[in-house]
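1. I'll drop the sequence and a predicted model, then ask my questions.
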Amino acid sequence: MRRENRVVRLLRALSGKTQAQAGRETGIHPSLLASFETGKAVPRPEHLEKLARLAGLTVEEASGLLDLAEIYRQGGAREAVEDAEDALRRLCETLMDYSSTAYEQVRALPVPATPPSPADREEAEELWSRLVEISPEGRLAAVRLVAELQTWALCERICHESGREAAEGQGKRALELARLAREIADRVGGPEEWRNRLRGYVAAHRANALRISGEPGAADAALEEAKTLWNGGADPGGLLEEIWVM
């Protein structure tokens, strides 16, 4: 089955619609939609765009989720994943149960479920080894949708990678990674002071990437943002202190 057909199956599943309902709301005849899902016909880009809007995603994000499922299949997720189709089904079930209201409530809790610890860095290294195999668009989709990836340690690890790319003069890749780190920092749970400290850490790396990319004005603005967030935050465990450079 072609990748486009698998994207159709994923998007329709994430929309929570039957084929008949999806057909009525997108203007794609249900019989044609069924042909897409069984691989008997190949969807055009406009078909994918309509289904993506129905699911509240972009086509790139859906493609990234397919990449993530394949990485989990090859590398072994925490639960045994027998094949890519099983991984997609599990992922769809998780996303269908997702509630934005509940998410905001959990994120606003005064303390994280598990206090940040240096030991978190070991898991972050494993998570990064999975993410590095997929596209930048796929990484963004993954960190936005998969709670397992929304950790301070993975955010830090990606900042290190951004710094390495910047040191090698690769401004575009450094910026892509800094953006990825910011997406994670915005989703990390815990006290607001801790989250601000982490955001400041990320903003400083973004400033560095912007400077390497030849955007001094934007770099200066990002550095000022970094200072404000860093100084307005707190890191009781001293996790970021040792490697902080302003």
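-> Sure, I can see it.

2. how's the protein carved up into domains?
-> Following automatic domain parsing, the chain resolves into domains at 3-96, 112-243.

3. now these as a markdown table including mean pLDDT and mean neighbour count?
-> C-beta here means a position set from N, CA and C on the backbone, and glycine is covered the same way. Converted to a markdown table, these look like this (pLDDT from 0 to 100; neighbours: other CB atoms under 10 Å):
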| stretch | mean pLDDT | mean neighbour count |
| --- | --- | --- |
| domain 3-96 | 78 | 17 |
| domain 112-243 | 90 | 18 |
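
4. and Glu25, what element?
-> helix 19-26 (DSSP states H and E).

5. On the three-state scheme, the most centrally placed residue in the chain is what?
-> Central residue of the chain (CA atoms, centre = their mean): Val143, 1.9 Å from the mean position. What DSSP: H, G, I helix; E, B strand; the rest coil gives for Val143 is helix.

6. try Gly214
-> Three-state call for Gly214 (three-state DSSP): coil.

7. Correct me if wrong: it contacts Ala174.
-> No. Using CB atoms under 8 Å, Gly214 is not in contact with Ala174, being 12.0 Å away.

8. Which residues are in contact with each of these two?
-> Shared contacts of Gly214 and Ala174, defined by CB atoms under 8 Å, 6 or more residues apart in numbering, are absent.

9. so which strand or helix has the nearest residue to Leu229 once chain neighbours are set aside?
-> Nearest residue to Leu229, sequence neighbours excluded (CB to CB, 6 or more residues apart in numbering): Gly200, at 3.4 Å. Using DSSP H and E, Gly200 maps to helix 192-212.

10. Can you name the element that comes right after that helix?
-> Proceeding N to C from helix 192-212, the next assigned helix or strand is helix 216-231, under DSSP H and E.

11. Report the angle between that next one and helix 192-212.
-> Orientation check (axes from the mean of the first three to the mean of the last three CA atoms, to 10 degrees): helix 216-231 against helix 192-212 gives 160 degrees.
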